[in-house]
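J.: mind folding the following:
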Amino acid sequence: MLKLAILGFLRDHPLHGYDLKKRVAALAGHVRPIADGTLYPTIKKLEDAGCLTRRTAPGSVSAPRHMLEVTQEGTDQLRRWLRDPEGVFITDDNRWYILLAFLHHLENPAEQAIVLRRRLSFLDDEPVLFFDQEGRPLTSDRLEGPFRPGLVKIHRAGGGVEREWLAKLAGELERRAGLVPGVPHQSGD
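T.: Next comes the predicted model:
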């Protein structure tokens, strides 16, 4: 998740570490704060893998800054992650939002539509949120207290809006790519 966010932000434009940390925190920090002990080693790993480079740029007030820039290898890696995201990026809302924030870097509309259709398929087949002691799904009328039924109601309402948006945008992307909307197709490199 962090690697995808780093490469996505740097694909937008070069940044120095502090600005990158602020952007990642704004995107994902509400889920898990980004500590320097996590961010900077991840940057170093991406640099060692040839996905990004550093260059020195003059500081606005202080000493020169190290600007981070994505390389072609980093751009290619970002696009691979976007084109074929791990399942958890489709099923976990927080990871999905990060993927969605950078899906524009996958420039092929057909490939974008495939990712959106994967999320839509997951939402259509999404499991029930709560289970009884025997492991059977609970219906809304069997949930106890005011909070769990409310959680289910909020979740279903949001899911309906997301489904509608995904279906509409996926169809538009498929038409733009010259495909028949809603007909399964494969991405190609």
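
J.: for the chain, longest helix please?
T.: helix 147-176 (DSSP state H).

J.: elements contacting it?
T.: Applying 3 or more CB pairs under 8 Å, 6 or more residues apart in numbering; DSSP states H and E, we find helix 147-176 packed against helix 109-124. The C-beta positions use only the backbone N, C-alpha and C, and glycine is treated the same way.

J.: touching the helix it packs on from outside, list them.
T.: Contacts with helix 109-124, where a contact means CB atoms under 8 Å, 6 or more residues apart in numbering, come from 82-83, 85, 90-91, 96, 99, 103, 106, 159, 162-163, 166-167, 169-171, 173-174, 176-177, 179, 184-187.

J.: pLDDT weak spots in the chain?
T.: 29-33, 59-62, 126-132, 137-140, 185-189 (pLDDT under 70).

J.: tell me the centre residue of it?
T.: Nearest to the mean C-alpha position of the chain, by CA atoms, centre = their mean, lies Leu99 at 1.6 Å.

J.: show me the contacts for that residue.
T.: Leu99 is in contact with 4, 82, 85, 89-90, 115, counting by CB under 8 Å, 6+ apart.

J.: of the residues you listed, which belong to helices?
T.: 4, 82, 89-90, 115.

J.: domains of this structure?
T.: For the chain, automatic domain parsing gives the domain ranges 2-78, 108-176.

J.: where's Asp76, which helix or strand?
T.: Secondary structure assigned from DSSP states H and E places Asp76 in helix 72-83.

J.: hang on, the earlier thing: and the contacts of helix 109-124, which of them are buried?
T.: The neighbour count (16 or more other CB atoms under 10 Å) marks 82-83, 85, 90, 96, 99, 103, 106, 166-167, 170-171, 173-174, 177, 179 as buried among the contacts of helix 109-124.

J.: between those, which is closest to Gly37?
T.: Looking at those and their distance to Gly37, the nearest is Leu99, at 24.5 Å (CB to CB).

J.: measure that closest one to Lys168 for me?
T.: Leu99 is 19 Å from Lys168, where distance means CB to CB, to the nearest Å.

J.: one more: His16?
T.: 38 Å.

J.: same deal with Arg79?
T.: 24 Å.

J.: okay, those two: which has more neighbours?
T.: A count of neighbours by other CB atoms under 10 Å puts Arg79 above the other of Arg79 and Lys168, at 19 against 12.

J.: can you name the residues that contact the more buried one?
T.: Residues in contact with Arg79 (CB under 8 Å, 6+ apart) are 105-106.
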